[in-house]
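1. Provided below for reference: sequence and predicted model.
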Amino acid sequence: MDLSKIAVSINKAINTQEVAVKEKHARTCILGTHHEKGAHTFWAAVNRLPLSSNAVLCWKFCHVFHKLLRDGHPSVIKDSMRNKADLTDMSRMWGHLSEGYGKLCSIYLKLLITKMEFHIKNPRFPGNLQMSNRQLDEAGENDVNNFFQLTVEMLDYLECQLNLFLGVFSSLDMSRSVSVTAAGQCRLAPLIQVILDSSHLYDYTVKLLFKLHSCLPADTLQGHRDRFQEQFKKLKSLFYRSSNLQFFKRLIQIPQLPENPPNFLRASALSEHISPVVVIPAESSSPESEHVVETDDLVDMDVPVMPAPLETKFDDLFGTTAAVDPFNFSQNGMRKDDKDRLIEQLTREIQALKEELESFRLESGRLCQALRGRVSELEAELAEQSHLRLQAAGESEFLKAELDDLRRVREDTEKEQRSLTEIEKKAQANEQRYTKLKEKYSELVQSHADLLRKNAEVTRQMTVAQAAQDEVDEVRREMQEKVKAAQDIAEKQEKEQLEQLQDLQRELLSSRTELDSLKTTVGSTQQASSEVLGTQLVALESEKAELVQSLSKVEAELAVQGEELEKVQSSLGTERESGVKAAETLQNQLNEKESREQALESQLVAARWSGLQGALEEAERIITDSLAQINDPAHISCTSSADYLASRCQASLVCMDRLHSAREAFLADNTGVSELVRVVTQCGHLVGDTIVQGSATSHMVPVEQADALSESVKLCGAEALDLLGLMKQRDSLTAADSSRLKAALEAILAAAEKLRPRGLELQQGELGDMVEQEMSATSAAVESAAARIEEMLNKSRASDTGIHMEVNERILASCTELMQAIKQLVVSSKNLQRDIVESGRGAASMKEFYAKNSRWTEGLISASKAVGWGATVMVDAADLVVQGKGKFEELMVCSHEIAASTAQLVAASKVKADKDSVNLQRLQQASRGVTQATAAVVASTKSGKSQIEEKDTMDFSSMTLTQIKRQEMDAQVLVLELETRLQKERERLGELRKKHYELAGVAEGWGDGEEVTG
C-alpha cells in the first residue's frame, strides 16, 4: 500500500467539516498501520495538522485515533506513547473551555491517554479488549494482588468511558432529532467505539470482582462494590438512551444490562451473569434494504363497487330503488325489500370483516416486528453461545493435553519410584555391612591410639627427667666458671692495689665465706634433685614394664582381629567380582552414552556456529541501519557533543580489544562461543552508536571539520561491515583483522578530541593549581570585603547622625555577619574538598585527581569565582548606599546573588562527598548560616529603606486643587513610564540569563552525557 495514499486518507478522515468520519477513510488508515507495522505515517501526518486551534479537527482526530488503537497494528500503542506528553498538554488546553467541542476534546483525550496507559501496563490485553476467560486469568498471573490492581485500573478506564458518554449527551439537545443531523452524527459517531470497549470492561470487571470475593474478605472490597454499582447505574442508563436513538439502530445493536447489578456476596450469582454482546450488523442488512411483504398482496377482501355512471343509468331506466323511494309499491316490492336488507346485511358484514382484517393486519405487523427483535436477540445469544462453545472446546483440548501430560508424568514417576526402592534396599544392606566393619575397625584404631598415647607419655616423662639432669649439670659448670673468674679478679686486684690490701683481704674473706655457703647450698640442691630423679626413673621403669606387657596382650588381640579381617576381605572379594560384572555392564552403557554425546557434540558445534552467525548478522543489520540513519534527511536535526562521541569511541575501542581476545579464545577452543557472541553483539551496538553520534556531532561543527568527521564515520562503518563479513566464513575467521577498524575508530576519537571545549585541555598541574588559587583568591576577597565594611562602618559613625547613622550601622553590621558566614563556608568547603581528594585519589596525586575529575574541578573553580565576585560587588553597593549615592535594591540583589553563588559552591563541594562526613555536615551548617545572614541583610535593607522613605514623606496640605491635579497627572505619567521600563528590563533580564546559560554551557562543556535529541 502506498504511503501517500495513506496520508491522503488521513487528511480526508480528519478535516474541519462537522460530519462523521467516513468508514472507508478510517479503514484505509487502519490497513496502513498493518502495512507498515506501526503508526509512524499517521503521526507524521497528524503532527502537521492544527489540532490545538480547531476543536472539530481535534474531535475527528480523537475518533480516528481511537479506531487505530482498537483495530490497528499492536505497535500503534507503543508508537503513540511518544506523543503522550503532547496529548496531555492538548487535553489541558482544551479543558479551559466549558462547552462545545473543546470540553469534549479534553475528555476524549483523557480517555485515549488512559487507554494507552492501560495497554502499556497490561500488554496481554489487545486493543479491542477481546479475551477469553483463560486469557483473563493468565493476565492476573494467578496473583490476588495483580487481580486487585487490574480491577482498579478497569474501573478507572470505565469511568473515563462514562465521562465521555455523559459529555456527549449533555452537549446535545435531546428534544430534537439530533441523531439524523450531520452535526449530531459527528458527535455521536465515536460513541460506537466507546460502547464496544465499555461492554468488555463491564464483563471483565464483573468476573474479576467475583474472583476477588472468593479470595478476599467482603469488607476489603466494599469500595470496589460501591464504585461498580454507581458505574452500573450510569452504564445501564446510557445504553438505554443510546438504543433509542435512530443513528445507533442502523449501525449497532446495543445490549441491555440486567435490572439489578450482580450480587458479589453470593458466589453462585456468577452463573447467572450473561456477558453483554454488541452486534454490528453487516452493511447489506440495513433496515432500508429489507423487503416488507404486505398482507394486501395475499388476500383481497374488498367488494367491487359499481361505477357511478352505471348506477345513474339504472335509476334513469327503472327508477329509484325501494330503499330510496318508500312509496314504490310494485308487485316485486316485497322481494326487493328482502334483497335490500340482505345487501345491507352483507355490506355490514363485509365492513366488519374489513375492520377485523385491518386489526389482524396491524397485529401481524406488530408480531412480525416483535419476532424480528426476538430473532435478533436469539442470534446474539447464539453468537455468544458459539463463542462460549469455542472457548469451552479450546479449554477442553488444553485440559486434555494437560491430563495426558500428567498421566505420562505419573507413569514415569511410578517407574522411577520402583527402581529407586530397589536401589534403596541394596544400599541399605550395604550400609549395614559397612557399619559393622566400621565399628570393628574403629575399636582397633581406638585401642592402638591409646597404646600410642601411653607410650608417648612415658617418652615425654623420660625426656623431662633428662632435661632436668642436663640443667643441673649446666648450673654446676656456670658456678665453677664464676668461682674461677672471682679468683682471677682477686689475684689481679691484690697485685695491682697494694695500698688497699687490707680492705681487699676483708672483702676476699667475706666473698670466700659466701662462696662456701653457696657451695654447700649447691651441693645439697644437687643431692636432693638426684635423689628425686632416681625415684622417678624407678617408677617410670616399672610403668614401662607394665606397658610392654599390655602391648603384648594388645598385639595378640590384633592377631585375632586380623584373622576376622581376612574372613571379611574374602567376602568382600566375592562382592568385588559381582561389582566388576556390574561395572562392565555400566561400561557398555557408558560407551553408548559417549557415542550419543559425540553426536550431540557435533550438533552443539553446529548450533554454536549458527548462533555466532546470527550474532554477526544482527551486528551487520545494526551497523547498516546506523549508516542508513546518517543518510536520512530527518537526521539533520540531531545533535551531539564531542565529549560524548569521545566516550563512545573509547568504549568501542575497549570492545574491539575484547573482540580480538574472544576470537583468539574461540579459535583455540570452539566451546567458548558465548563470550564471542556477546562481544560481537556489543561491538555492533557500540560501533553503530559511534556512527550515529559522529554524524550528529558533525552537525554542530564547521563545514570542513564536519566533512572530515562524516568521511571518518562512513569509513568506520565500511570497515566494520568488512570485518563482520570475514568473520562469517569459517575459512576467513582466522584471517579477520580488526586493526583497520580500530584505526578508523582512533581517527574518529582524534577528531572528537580536537572538537572538545578548550576548558578540557588544561594540564593536570594547571587544574590543581587553579583550584588552590581560586579558593585562596575567594578567601582573600571575602577578608578584603570584611575589612572594607569595617572601614565604612567607622566612617559612617564619624560623619552620619540620627536615622541615617542607625540605618547604616544596621546594614553594615548585617553585611559583616554575612562576610563572616561566607568565610566560614569557604573554610568548610576547603576541608570537605581535602577529604574528597584524600578518599578518592587512591595512589594518584592530588593534581591527578583534579585532572581526572575535570568537570567537578571546573565546577568548583566557577563557584569560587562567583563567590569572590559577589562579595566584591556587594561591598561596592553597600559603600554607595552608605554614601547616599546608591540604591537599596542593588544591595538586596547583591545579597541574593551571593546566596546563589554560595549554593553553587555547596553543591559543587558536596557532589562527591560521603553523606556521613563530618565536614559535609559542617558545610551544610555553614550554608544555612549564609542563608540566614543573607535574609538579615535583605531585612535590614528593607527596614532602612522604609525608615528613609517615611522621613522624606511629602506634605500636600499647602497645595491647591490645580496643583494636586497637576501632580496627580505627572505621577500617572511617571507610573506608566516606569511600568514600560520595568517590562523592558524584565525582558532584557531574561535574555541576559539565557545568553549567560549558553556561554556557560559552551565554556564548561555542559551536556556531555546527554543523548542525541531529535
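-> Thanks, I have the structure now.
2. what are the phi and psi angles of the residue most central in space within the chain?
-> Among the residues of the chain, Lys121 comes closest to the average C-alpha position under CA atoms, centre = their mean, at 11.7 Å. Dihedral pair for Lys121: phi -70, psi -30, per degrees, to the nearest 10.
3. pretty sure it is touching Asp156, no?
-> No - Lys121 is beyond contact range of Asp156, at 11.0 Å (criterion: CB atoms under 8 Å). For the C-beta atoms, the positions are set from N, CA and C on the backbone; glycine is no exception.
4. chain center to stretch 741-752, what's the gap?
-> 35 Å (CA atoms, centre = their mean, to the nearest Å).
5. contacts for that stretch, please.
-> 642-643, 645-646, 649-650, 652-653, 656, 687, 690, 694, 697, 705, 708-709, 712-713, 715-716, 719-720, 723 (CB atoms under 8 Å, 6 or more residues apart in numbering).
6. name the residues of it that are buried.
-> For stretch 741-752, burial by neighbour count (16 or more other CB atoms under 10 Å) applies to Leu741, Lys742, Ala744, Leu745, Glu746, Ala747, Ile748, Leu749, Ala751, Ala752.
7. re the thing from before, ChimeraX command for the buried members of the contacts of stretch 741-752?
-> Listed next is the ChimeraX selection for buried residues among the contacts of stretch 741-752, using 16+ other CB under 10 Å:
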select :642,643,645,646,649,652,653,656,687,690,694,697,709,712,713,715,716,719,720,723
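8. give me the subset of the contacts of stretch 741-752 lying in helices.
-> 642-643, 645-646, 649-650, 652-653, 656, 687, 690, 694, 697, 705, 708-709, 712-713, 715-716, 719-720, 723 (DSSP state H).
9. can you list the domain ranges for the protein.
-> 1-116, 122-279, 603-755, 770-949 (the TED database).
10. okay if I get the ones you listed as CSV plus mean pLDDT and distance to Gly579?
-> What follows is the domains of the chain, written out as CSV (pLDDT from 0 to 100; distance: least, CB to CB, whole Å):
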stretch, mean pLDDT, distance to Gly579
domain 1-116, 89, 63
domain 122-279, 88, 50
domain 603-755, 83, 34
domain 770-949, 74, 61
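11. closest one to Ser359 among those?
-> domain 122-279 (27.2 Å; CB to CB).
12. what's the end-to-end length of the closest one?
-> 26 Å (CA to CA, to the nearest Å).
13. any idea how far Tyr202 is from the closest residue to Pro261 other than its chain neighbours?
-> In this structure, Pro261 finds its nearest non-sequential neighbour in Phe232, 4.4 Å apart by CB to CB, 6 or more residues apart in numbering. Distance of Phe232 to Tyr202, given as CB to CB, to the nearest Å: 8 Å.
14. would it be right to say that Leu257 lies in a strand?
-> No - according to DSSP: H, G, I helix; E, B strand; the rest coil, Leu257 belongs to no strand; its state is coil.
15. contact partners for it?
-> Tyr202, Phe232, Leu235, Lys236, Phe239, Pro276.
16. so which of these belong to helices?
-> Those of those mapping onto helices are Tyr202, Phe232, Leu235, Lys236, Phe239, per DSSP H.
17. nearest residue to the last one other than its sequence neighbours?
-> When you say that, I think you mean Phe239. Leaving aside its sequence neighbours, Phe239 sits nearest to Ile254 (CB to CB, 6+ apart; 5.4 Å).
18. verify the stated contact: the one you found with Arg241.
-> No - counting by CB under 8 Å, Ile254 sits too far from Arg241 to count as a contact (9.7 Å).
19. neighbour count winner among these two?
-> Ile254 (23 against 14; other CB atoms under 10 Å).
20. and the more buried one, how far is that from Val194?
-> In terms of CB to CB, Ile254 sits 11 Å off from Val194.
21. so what secondary structure elements neighbour whichever strand or helix holds Asp876?
-> Secondary structure from DSSP states H and E places Asp876 in helix 854-883. When contacts are defined as 3 or more CB pairs under 8 Å, 6 or more residues apart in numbering; DSSP states H and E, helix 854-883 packs onto helix 764-799, helix 802-840, helix 888-910, helix 961-1004.
22. which helices and strands sit right next to the first one?
-> By that I understand helix 764-799. Other elements packing on helix 764-799 under the criterion 3+ CB pairs under 8 Å, 6+ apart are helix 802-840, helix 846-852, helix 854-883.
23. can we see that at 10 Å?
-> If contacts are counted by 3 or more CB pairs under 10 Å, 6 or more residues apart in numbering; DSSP states H and E, helix 764-799 sits against helix 802-840, helix 846-852, helix 854-883, helix 888-910.
24. quick check: angle from that helix to helix 854-883?
-> Helix 764-799 runs at 10 degrees relative to helix 854-883, counting by axes from the mean of the first three to the mean of the last three CA atoms, to 10 degrees.
25. likewise for the shortest one?
-> An angle of 160 degrees separates the directions of helix 888-910 and helix 854-883 when computed by the same axes, to 10 degrees.
26. repeat for the longest one
-> Angular relation of helix 961-1004 and helix 854-883 on a 0 to 180 degree scale: 160 degrees, by the same axes, to 10 degrees.
27. give the rounded mean pLDDT of helix 961-1004.
-> Helix 961-1004 carries an average pLDDT of 80.
28. and it, how far out from the chain's middle?
-> Offset of helix 961-1004 from its chain centre (CA atoms, centre = their mean): 46 Å.
29. same question, stretch 911-930
-> Mean-position distance between stretch 911-930 and its chain equals 32 Å (CA atoms, centre = their mean).
30. just stretch 595-602 next, same as before
-> The answer for stretch 595-602 is 44 Å, by CA atoms, centre = their mean.
31. what is the rounded mean pLDDT of it?
-> In the prediction, stretch 595-602 has an average pLDDT of 74.
32. now it - C-alpha only, CSV.
-> This file holds the C-alpha atoms of stretch 595-602, laid out as CSV (Å, rounded to 0.1, in the frame of the first residue of the first chain):
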residue,chain,number,x,y,z
SER,A,595,28.6,-42.2,21.2
ARG,A,596,25.4,-40.2,21.8
GLU,A,597,27.4,-37.4,23.4
GLN,A,598,29.6,-37.3,20.4
ALA,A,599,26.6,-36.9,18.1
LEU,A,600,25.2,-34.2,20.4
GLU,A,601,28.6,-32.5,20.5
SER,A,602,28.5,-32.3,16.7
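33. quick check: buried residues in it?
-> Judged by neighbour count using 16+ other CB under 10 Å, stretch 595-602 contains no buried positions.
34. what's in contact with that stretch?
-> Contact with stretch 595-602 is made by Leu590, Glu594, Leu604, Ala607, Thr671, as judged by CB atoms under 10 Å, 6 or more residues apart in numbering.
35. between those residues, which is nearest Met969?
-> Lowest distance from Met969 to the contacts of stretch 595-602 (CB to CB) belongs to Ala607, with 95.2 Å.
36. thought that closest one was touching Thr671?
-> No - taking CB atoms under 10 Å as the definition, Ala607 is not a contact partner of Thr671, at 11.7 Å.
37. C-terminal to the longest helix seen in the chain, what's the next element?
-> Ordering each helix of the chain by length in residues (DSSP H) puts helix 333-496 first. Helices and strands here follow DSSP H and E; after helix 333-496, the next one along the chain is helix 501-630.
38. can you give me the angle that next one makes with helix 333-496?
-> 150 degrees.
39. show me where the stretch 151-300 of the chain has helices.
-> Secondary structure of the stretch 151-300 of the chain (DSSP state H, counting those that start in this stretch): helices located at 182-188, 191-213, 222-243, 246-251.
40. dump the ones you listed to JSON lines, plus distance to Lys103.
-> Listed next are these as JSON lines, based on distance: least, CB to CB, whole Å:
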{"stretch": "helix 182-188", "distance to Lys103": "12"}
{"stretch": "helix 191-213", "distance to Lys103": "16"}
{"stretch": "helix 222-243", "distance to Lys103": "18"}
{"stretch": "helix 246-251", "distance to Lys103": "21"}
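41. minimum distance to Asp632: which of those has it?
-> Minimum separation from Asp632 across those (CB to CB) falls at helix 191-213, 35.0 Å.
42. send the alpha carbons of that closest one over as PDB?
-> Provided in PDB are the C-alpha atoms of helix 191-213 (Å, rounded to 0.1, in the frame of the first residue of the first chain):
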ATOM      1  CA  LEU A 191     -19.600   6.500  21.000                       C
ATOM      2  CA  ILE A 192     -19.700   3.300  18.900                       C
ATOM      3  CA  GLN A 193     -16.100   2.600  19.900                       C
ATOM      4  CA  VAL A 194     -16.900   3.600  23.500                       C
ATOM      5  CA  ILE A 195     -19.900   1.100  23.500                       C
ATOM      6  CA  LEU A 196     -17.600  -1.700  22.200                       C
ATOM      7  CA  ASP A 197     -15.000  -1.000  24.900                       C
ATOM      8  CA  SER A 198     -17.400  -0.500  27.800                       C
ATOM      9  CA  SER A 199     -19.200  -3.700  27.200                       C
ATOM     10  CA  HIS A 200     -16.000  -5.700  27.500                       C
ATOM     11  CA  LEU A 201     -14.800  -3.700  30.500                       C
ATOM     12  CA  TYR A 202     -18.200  -4.300  32.300                       C
ATOM     13  CA  ASP A 203     -17.900  -8.100  31.600                       C
ATOM     14  CA  TYR A 204     -14.300  -8.400  32.800                       C
ATOM     15  CA  THR A 205     -14.900  -6.200  35.900                       C
ATOM     16  CA  VAL A 206     -17.800  -8.500  37.000                       C
ATOM     17  CA  LYS A 207     -15.700 -11.600  36.600                       C
ATOM     18  CA  LEU A 208     -12.700 -10.100  38.400                       C
ATOM     19  CA  LEU A 209     -14.900  -9.000  41.300                       C
ATOM     20  CA  PHE A 210     -16.400 -12.500  41.700                       C
ATOM     21  CA  LYS A 211     -12.800 -13.900  41.700                       C
ATOM     22  CA  LEU A 212     -11.700 -11.300  44.300                       C
ATOM     23  CA  HIS A 213     -14.600 -12.000  46.500                       C
END
